[in-house]
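**Q** quick check, what structure comes out for this input:
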Amino acid sequence: MTGARVAAGLLGAGQTGAGLALLLRPRAALRVVADADDDLSRVAARVLGARLAAQGLLVAGFGGTRALRASALIDAVHAVTMAVPAFGRSGRERAARLSGVCSLLSAAVASRIAARMARTA
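**A** Numbering: from 1, shown residues only. Predicted coordinates for the structure are as follows:
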């Protein structure tokens, strides 16, 4: 197994773990990262958690360049969608900023791993 495959597995495991935490324990996750804990925030945390868990399983399970590039694209789109709430006045700004930054980092890591795999293929 190549280093890039191991990195893809670790990225997928991290995404799956974070997703499951948001999906199964949204209140606990919101206490750590958010400035709001209401019904809408918990629903949003669960939806994001489901998406992250599915995305992580895709990356960990397949781990190829296509899965990694798809993951990077999904994360990049999510980061863009967090721009408006990150600077709004909803009381959810900190959570939106953190979610956007984490998505950007995840997109960068997935892209880097995919590029490395493409070079060695």
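**Q** in terms of secondary structure, what does the helix or strand hosting Leu52 contact?
**A** Counting by DSSP states H and E, the secondary-structure element that holds Leu52 is helix 39-62. With contacts defined as 3 or more C-beta pairs under 8 Å, 6 or more residues apart in numbering; DSSP states H and E, the packing partners of helix 39-62 are helix 3-24, helix 26-33, helix 65-81, helix 93-120. Yep, even glycine has a C-beta here, placed from its N, CA and C like the rest.
**Q** rerun that using 7 Å as the cut-off
**A** helix 3-24, helix 26-33, helix 65-81 (3 or more C-beta pairs under 7 Å, 6 or more residues apart in numbering; DSSP states H and E).
**Q** can I get the ones you listed in TSV with distance to Leu52 and mean pLDDT?
**A** TSV is the format used below for the helices and strands packed on helix 39-62 (distance: least, C-beta to C-beta, whole Å; pLDDT from 0 to 100):
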stretch	distance to Leu52	mean pLDDT
helix 3-24	3	95
helix 26-33	11	89
helix 65-81	9	97
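**Q** cool, thanks, talk later.
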